[in-house]
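*Asks:* take a look and give me a structure for this.
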Amino acid sequence: MSVTVCTIGELLVEFLAKEPNQGFSRPGEFWGPYPSGAPAIFADQVARLGFGSVLFSCVGNDAFGEMNIARLARDGVNVSGISVLSNATTGSAFVSYRSQAQRDFIFNMPHSACGQLTADHIDESLLDQCSHFHIMGSSLFSFRMVDAMRKAIENVKGRGGTVSFDPNIRKEMLSIPEMSQAFEYILDYTDIFLPSDGELDYFGLNPGRQEQTLVDKLLRRGVGQVVIKRGPRGASYYSASEQFHAAGYPVEVVDPTGAGDCFGATFVSMLLAGSGTQEALRWANASGSLAISRRGPMEGTSTRADIEAFLMAHGG
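*Replies:* Okay, here's the model as predicted:
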């Protein structure tokens, strides 16, 4: 089955602190620059699995922008939707780890090239090639970006396509009013919802209430499928007709950044291509595990052969 997935949002470079708890308030060494941005990682993983992948974004007319475009093109992403702006620089992020699960970020996005993306940058003819649109919550940092998202949603859904949504919440961005307002709008059009279990509180799961309560609420709202990512503990799948859990895989954590993006890209594209839900979830868990085994946010994207070899090594 022919599958072409598009996504919109930040395309940037990332620098990783070398030492745990290094922070940003004192001099320290960093690895990088690495190609990054949650939508870009998602798009790269879709392409590396052999599916059609389109990314709409903006970069500056600089070496960081050139590096990002070259990497995505090499891996098979259609980069025709990436605009090169002469009046802004490519976005950046600095990351410091407190633990494998806790990270601090300093983002340069709203005032960078990707922060200048508007609905006018979305080429309708290119968007018409996409049967599915994926949304990253981390991209909803401006009204301009939200308007671009609305344009893509209306186009894809108007043609009978589908939408997936990963809230991908960053605590550094929760004070942005555009984000919370856009979440409610997007959920009304979401077919596949992909939160992590640590994000459920944000969507109304009060302490002491059962996870199933929130899932039932989302399904009644019209969300067709809910996939809850649990990191090394695997992932859980819910729909109106079935629910199950797929165990994770024990692997050494080198760098967790990008694992959720790879998970989502693999699950969505495999499902769209006709895989059963349990098979798609198993592949998604493997993809996320491979992602955390390499340093750099986009360095852990994997091919079909990579995932098949991983699954064979872990019991098929």
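*Asks:* chain neighbours aside, what residue packs nearest to residue 202?
*Replies:* residue 169 (6.0 Å; Cβ to Cβ, 6 or more residues apart in numbering). No exception for glycine: its C-beta is placed from N, CA and C like everyone else's.
*Asks:* which residues of the stretch 201-316 of the chain fall in strands?
*Replies:* Listed in chain order, the strands of the stretch 201-316 of the chain (DSSP state E, counting those that start in this stretch) span 225-229, 235-239, 243-246.
*Asks:* and the helix or strand hosting residue 164, what does it pack against?
*Replies:* Using DSSP states H and E, residue 164 maps to strand 162-166. If you count contacts as 3 or more Cβ pairs under 8 Å, 6 or more residues apart in numbering; DSSP states H and E, strand 162-166 packs onto strand 132-136, helix 143-158, helix 177-187, strand 192-193, helix 259-272.
*Asks:* please name every helix or strand in contact with the first one.
*Replies:* Using 3+ Cβ pairs under 8 Å, 6+ apart as the contact test, the elements touching strand 132-136 are strand 4-8, helix 38-48, helix 143-158, strand 162-166, helix 259-272.
*Asks:* any idea which helix or strand comes after the second one?
*Replies:* In this case it means helix 38-48. Next in line after helix 38-48, if elements are assigned by DSSP H and E, sits strand 52-60.
*Asks:* report the buried residues of the helix or strand following that following strand.
*Replies:* Heading C-terminal from strand 52-60, the first helix or strand you meet, by DSSP H and E, is helix 63-74. Across helix 63-74, burial judged by 16 or more other Cβ atoms under 10 Å covers 64, 65, 67, 68, 69, 71, 72.
*Asks:* how many neighbours does the nearest residue in space to the second one that is not next to it in sequence have?
*Replies:* So the one you mean is residue 65. Using Cβ to Cβ, 6+ apart and skipping residues adjacent in sequence, the residue nearest residue 65 is residue 59, 3.1 Å away. Residue 59 is flanked by 27 other residues according to other Cβ atoms under 10 Å.
*Asks:* may I have the beta-bridge partners of residue 59?
*Replies:* Per DSSP bridges, the residues bridged to residue 59 are residue 84.
*Asks:* any idea how far it is from residue 148?
*Replies:* With distances taken as Cβ to Cβ, to the nearest Å, residue 59 is found 15 Å from residue 148.
*Asks:* picking up where we left off before, can you lay out the helices and strands packed on strand 132-136 as a markdown table showing distance to residue 252, mean neighbour count and mean pLDDT?
*Replies:* Output for these, formatted as a markdown table (distance: least, Cβ to Cβ, whole Å; neighbours: other Cβ atoms under 10 Å; pLDDT from 0 to 100):
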| stretch | distance to residue 252 | mean neighbour count | mean pLDDT |
| --- | --- | --- | --- |
| strand 4-8 | 29 | 27 | 97 |
| helix 38-48 | 20 | 29 | 98 |
| helix 143-158 | 36 | 18 | 94 |
| strand 162-166 | 25 | 25 | 97 |
| helix 259-272 | 13 | 28 | 97 |
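*Asks:* and residue 2, which of the three is it?
*Replies:* Following DSSP: H, G, I helix; E, B strand; the rest coil, residue 2 is assigned to coil.
*Asks:* my read: it touches residue 52, true?
*Replies:* Yes. Counting by Cβ atoms under 8 Å, residue 2 touches residue 52, with 7.2 Å between them.
*Asks:* of these two, who's got more company?
*Replies:* residue 52 (19 against 8).
*Asks:* setting the sequence-adjacent residues aside, check what's closest to that one.
*Replies:* residue 4 is the one closest to residue 52 (Cβ to Cβ, 6+ apart), at 3.2 Å.
*Asks:* can you tell me which residues contact that neighbour?
*Replies:* Counting by Cβ atoms under 8 Å, 6 or more residues apart in numbering, residue 4 touches 51, 52, 53, 54, 129, 130, 131, 132.
*Asks:* need the pLDDT of the second one.
*Replies:* When you say that, I think you mean residue 52. On pLDDT, residue 52 comes in at 98.
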